[in-house]
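Asks: Give the three-dimensional model of this entry:
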Amino acid sequence: MELKKRNIVIAIMVAMFLGAVEGTVVTTAVPTIVKDLSGFQLISWVFSLYLLTSAISTPIYGKLSDLYGRKNILSIGIIIFLVGSCLCGLSRNMYQLIAFRALQGIGAGAIFTVTYTIVGDVFTLEERAKVQGWVSSVWGIASLVGPFLGGFLIDNLSWHWIFFINIPFGILSVVLLQRNLKENFHRKKHKIDFAGTAALSAAIISLLYGSLSAGGSNTTYTLIISAVLTVIFLVIFYFVEKKAVEPIIPFEIFTKTNTIVNIISFLSSAVLIAADVYMPIYMQNILGFGATISGLSMAPMSVAWLLSSVILGKAIPKYGERVVIAVSSLILLVSCLLLPTLNISSPLVLVIIYAFVMGFGFGGSFTTLTIVVQSSVDYSKRGAATASNSLVRTLGQTIGVSIFGGIFNLGIINYFNELGIKGIEPENLYSSSSVNSGLSLEHIRASLNSSLHTVFGVLIAIAVICLILSALLPNSLKKDIK
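Replies: Residues are numbered from 1 along each chain as shown. Here you go, the predicted model:
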């Protein structure tokens with residue numbers, strides 16, 4: 001492979017690593033961040049707005065790259081991501097951090113979209129499979145390196161550095177792209193579906209706001225208003241898309257199989273974000289381990305994920321997608337059933353084992369779901385079907401972490417109410433006023449443990465639904481690949 005192409009591969013892999021590692025680093029750091037900024041009640045917002053803005057911006061970047069070139073649009077996305085990272089590191093309260101995470105997400109939308117398009121543009125068919133494999137491997141590397149890197153930076157410097165560390169890598173990626181990627185693209189005339197994007201974004205934001213408001217003083221009214229607004233915007237979105245020349249989501253891709261797959265993807269993604277967010281909280285705030293140990297303990301999940309992707313991926317031709325997804329869902333259910341056995345004094349090795357089992361379920365499930373959704377539609381609709389499934393997964397994480405955040409916060413409040421201790425809220429759990437009121441560290445750990453067990457119970461219910469839905473899938477790939 002010539003030097004310019006090699007440098008382009010490096011640029012793409014560095015860009016993808018930025019986006020991929022961000023999730024694993026931040027989940028490791030969140031317990032420390034919310035403790036420092038007194039923001040336990042806002043944990044879910046840190047992830048929700050990042051995921052939301054990246055999801056909304058993804059289809060827009062795809063269209064813009066056709067109009068103005070891959071190199072420039074990806075470079076702009078990386079720069080937005082870096083500005084957001086720098087501002088996150090400078091945040092002095094949770095509200096600043098949440099706002100700047102939203103800006104980061106806008107940049108991440110370009111990274112997750114345009115990088116794969118560049119691979120298709122630049123490399124020959126023979127080279128493409130190899131390069132796509134390298135780019136995909138970045139996610140596995142990020143899953144292993146991210147928790148360790150996050151833990152190391154927090155334990156030895158401060159949580160601010162998990163954001164600053166992105167800057168040199170991002171600059172390297174932009175420089176390599178600008179110097180090595182020579183584009184001879186034909187500017188295509190596209191009608192960007194701004195109306196559809198706006199309507200879908202409004203619907204998602206309404207739904208998200210309602211789920212984030214759970215547990216507040218006016219929960220019922222907020223939920224009703226949010227639900228009504230969500231339905232209104234979805235109806236508007238439907239009529240806009242029916243008339244759009246190039247709809248952001250063409251409705252014909254939603255076959256029966258595709259719909260079931262998307263529902264399973266949505267629910268499985270909710271379980272995934274819950275594990276990523278709340279397992280580190282359990283290890284750091286209940287068991288008392290440092291961020292580095294917490295990060296390393298989550299690494300077996302990534303290892304199992306990669307192993308399962310290979311093992312269960314090869315089983316599809318022999319047993320079919322229904323069996324493989326059902327087995328993966330069953331493994332995921334078993335791992336969720338194990339979580340409630342964790343308590344204040346559980347050994348760390350149990351967490352490691354449970355994370356490994358859960359990772360094996362995720363690997364088989366998500367890998368097979370991607371293959372199924374691409375096979376459920378014609379070739380001409382494959383890109384849109386894959387993009388919609390990616391959007392559904394992001395929404396599963398976004399809405400899931402919002403709902404779990406409400407459940408978690410409510411669990412803390414209920415725990416202290418049952419003890420007759422009033423005035424303790426998630427945001428002041430570690431404040432001096434709570435300590436002065438006689439709240440012991442044991443009380444705090446017990447309240448967090450109680451809240452986590454409520455979340456774990458919800459995960460079990462979700463995993464059961466995934467297992468039931470997997471039985472409704474066809475076994476067409478078993479015949480097709482034979």
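Asks: By residue count, tell me the biggest helix in this protein.
Replies: helix 382-418 (DSSP state H).
Asks: how far does that one sit from the chain's center?
Replies: 10 Å (CA atoms, centre = their mean, to the nearest Å).
Asks: That one: which residues count as buried?
Replies: In terms of neighbour count (16 or more other CB atoms under 10 Å), helix 382-418 has its buried residues at 384-413, 415-416. For glycine as for every other residue, the C-beta is placed from the backbone atoms N, C-alpha and C.
Asks: do stretch 299-315 as well
Replies: 299-306, 308-309, 312-313.
Asks: Out of these, the closest to M94 would be?
Replies: M301 (27.0 Å; CB to CB).
Asks: Residue ranges in the stretch 151-300 of the chain under the pLDDT threshold?
Replies: 183-192, 211-219 (pLDDT under 70).
Asks: So which residues of it form helices?
Replies: For the stretch 151-300 of the chain, the helices defined by DSSP state H, counting those that start in this stretch occupy 161-164, 166-180, 194-212, 219-243, 256-281, 291-319.
Asks: Could you dump the buried residues of stretch 299-315 into JSON lines and include distance to L172?
Replies: JSON lines is the format used below for the buried residues of stretch 299-315 (distance: CB to CB, whole Å):
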{"residue": "A299", "distance to L172": "25"}
{"residue": "P300", "distance to L172": "30"}
{"residue": "M301", "distance to L172": "29"}
{"residue": "S302", "distance to L172": "24"}
{"residue": "V303", "distance to L172": "28"}
{"residue": "A304", "distance to L172": "31"}
{"residue": "W305", "distance to L172": "27"}
{"residue": "L306", "distance to L172": "26"}
{"residue": "S308", "distance to L172": "32"}
{"residue": "S309", "distance to L172": "29"}
{"residue": "L312", "distance to L172": "36"}
{"residue": "G313", "distance to L172": "33"}
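Asks: Which two among those are spaced furthest apart?
Replies: Most distant of those, by CB to CB, are A299 and G313, 21.2 Å apart.
Asks: how is the chain carved up into domains?
Replies: 1-180, 193-245, 250-482 (automatic domain parsing).
Asks: Could you count how many residues lie near L87?
Replies: 17 (other CB atoms under 10 Å).
Asks: still on that earlier bit, do you know which of the helices of the stretch 151-300 of the chain lies nearest S470?
Replies: helix 256-281 (6.6 Å).
Asks: what angle separates the closest one from helix 291-319?
Replies: Using axes from the mean of the first three to the mean of the last three CA atoms, to 10 degrees, the inter-axis angle of helix 256-281 relative to helix 291-319 is 160 degrees.
Asks: could you give the angle of helix 256-281 to helix 382-418?
Replies: 40 degrees.
Asks: Going by contacts, tell me the helices and strands next to helix 256-281.
Replies: helix 3-36, helix 43-68, helix 291-319, helix 321-338, helix 348-375, helix 382-418, helix 441-470 (3 or more CB pairs under 8 Å, 6 or more residues apart in numbering; DSSP states H and E).
Asks: Render the CA-only coordinates of the fourth one in PDB, please.
Replies: These are the backbone C-alpha positions of helix 321-338, laid out as PDB (Å, rounded to 0.1, in the frame of the first residue of the first chain):
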ATOM      1  CA  GLU A 321     -30.100 -15.900  12.800                       C
ATOM      2  CA  ARG A 322     -33.100 -16.800  15.100                       C
ATOM      3  CA  VAL A 323     -31.100 -19.400  17.000                       C
ATOM      4  CA  VAL A 324     -28.000 -17.300  17.300                       C
ATOM      5  CA  ILE A 325     -29.800 -14.200  18.500                       C
ATOM      6  CA  ALA A 326     -31.900 -16.300  20.900                       C
ATOM      7  CA  VAL A 327     -28.800 -17.900  22.400                       C
ATOM      8  CA  SER A 328     -27.100 -14.400  22.700                       C
ATOM      9  CA  SER A 329     -30.300 -13.000  24.400                       C
ATOM     10  CA  LEU A 330     -30.400 -16.000  26.800                       C
ATOM     11  CA  ILE A 331     -26.700 -15.400  27.700                       C
ATOM     12  CA  LEU A 332     -27.500 -11.700  28.300                       C
ATOM     13  CA  LEU A 333     -30.500 -12.600  30.500                       C
ATOM     14  CA  VAL A 334     -28.300 -14.900  32.600                       C
ATOM     15  CA  SER A 335     -25.800 -12.100  33.100                       C
ATOM     16  CA  CYS A 336     -28.600  -9.700  34.200                       C
ATOM     17  CA  LEU A 337     -30.000 -12.300  36.600                       C
ATOM     18  CA  LEU A 338     -26.500 -12.500  38.200                       C
END
